[in-house]
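**Q** turn this into a model:
(chains A and B)
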Amino acid sequence: DAKTTQPPSMDCAEGRAANLPCNHSTISGNEYVYWYRQIHSQGPQYIIHGLKNNETNEMASLIITEDRKSSTLILPHATLRDTAVYYCIVIGDYKLSFGAGTTVTVRA
Amino acid sequence: KAGVTQTPRYLIKTRGQQVTLSCSPISGHRSVSWYQQTPGQGLQFLFEYFSETQRNKGNFPGRFSGRQFSNSRSEMNVSTLELGDSALYLCASSLKIQDTDTQYFGPGTRLTVL
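**A** Presented below is the predicted three-dimensional model:
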């Protein structure tokens, strides 16, 4: 799997949009970008994924650059319950591998 | 639709014992993957089962084994427990129409080896 780079931490104000960047400059053409989050000691929660096009679901939006070398996860209206570690991963086969992720703290 | 369930949620064992963890996938999902998560090593792939067959295996010793039943439920067994086996054990289920299909995780089993 290609490697990803994420900032170690970021803060966000409650009610504001949170924009989480991810670099995946070595991504291959058939690899997907996936985002998961993990709240302390719980199982990772799937958020969203994409291949080339931007995607949106009830939780978030995913913006993938045209060259696919980076992406941004957007939480449109962050709440305190969105405080978690967010993992950006690139998947081309059967197994997942998380890096250190971005610790997002949403403040009231 | 119910999510992935894992039992037990917490377990305390001593060195040398063995343990069996259980995972029930999302209804209709035929693939179950197991992962070990520790603060030092992060998320590590153990193995994947599909239609009762182990399809893929990670780099873990033979003390770690698993199986899958005809209803897609899966169990993972660790024998001769070591202190380093203390971890959060996660299972994830997927439709697995293709390898990159979304994997949905259960809440995990927190294993502590004393």
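**Q** what does chain B put close to chain A?
**A** Neighbours of chain A within chain B, by Cβ under 8 Å from any Cβ of the partner chain: B:4, B:6, B:33, B:35, B:37, B:42-45, B:48, B:55-56, B:58, B:88, B:90, B:92, B:99-100, B:102-108, B:110. C-beta here means a position set from N, CA and C on the backbone, and glycine is covered the same way.
**Q** can you do 10 Å?
**A** Within chain B, the positions adjacent to chain A are B:3-4, B:6, B:31, B:33, B:35, B:37, B:42-48, B:50, B:55-58, B:88, B:90-92, B:94, B:96, B:98-110 by Cβ under 10 Å from any Cβ of the partner chain.
**Q** of these, buried ones?
**A** Neighbour-count burial (16 or more other Cβ atoms under 10 Å in any protein chain shown) is assigned, among the residues of chain B next to chain A, to B:4, B:6, B:31, B:33, B:35, B:37, B:43-48, B:50, B:56, B:88, B:90-92, B:94, B:96, B:99-110.
**Q** so residue A:16 versus chain B, what's the distance?
**A** The gap separating residue A:16 from chain B is 28 Å, by Cβ to the nearest Cβ, to the nearest Å.
**Q** can you check residue A:18 too?
**A** Separation of residue A:18 from chain B (Cβ to the nearest Cβ): 22 Å.
**Q** and residue A:88, by the same measure?
**A** According to Cβ to the nearest Cβ, residue A:88 stands 13 Å off from chain B.
**Q** partners of that residue in the sheet?
**A** Beta-bridge partners of residue A:88, counted by DSSP bridges, are residue A:35.
**Q** residue 32: neighbouring residues, count only.
**A** Chain wasn't specified; assuming chain A. For residue A:32, the count of nearby residues is 18 (other Cβ atoms under 10 Å in any protein chain shown).
**Q** think we crossed wires, I meant chain B
**A** 29.
**Q** whatever helix or strand it lives in packs against which elements?
**A** If you go by DSSP states H and E, residue B:32 is part of strand B:31-38. Applying 3 or more Cβ pairs under 10 Å, 6 or more residues apart in numbering or on different chains; DSSP states H and E, one finds that strand B:31-38 contacts strand B:19-24, strand B:42-50, strand B:53-57, strand B:64-68, strand B:74-78, strand B:87-94, strand B:104-105.
**Q** mind putting the ones you listed in JSON lines, distance to residue A:93 and mean pLDDT included?
**A** Output for the helices and strands packed on strand B:31-38, formatted as JSON lines (distance: least, Cβ to Cβ, whole Å; pLDDT from 0 to 100):
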{"stretch": "strand B:19-24", "distance to residue A:93": "21", "mean pLDDT": "98"}
{"stretch": "strand B:42-50", "distance to residue A:93": "10", "mean pLDDT": "93"}
{"stretch": "strand B:53-57", "distance to residue A:93": "8", "mean pLDDT": "93"}
{"stretch": "strand B:64-68", "distance to residue A:93": "19", "mean pLDDT": "97"}
{"stretch": "strand B:74-78", "distance to residue A:93": "20", "mean pLDDT": "98"}
{"stretch": "strand B:87-94", "distance to residue A:93": "12", "mean pLDDT": "96"}
{"stretch": "strand B:104-105", "distance to residue A:93": "18", "mean pLDDT": "96"}
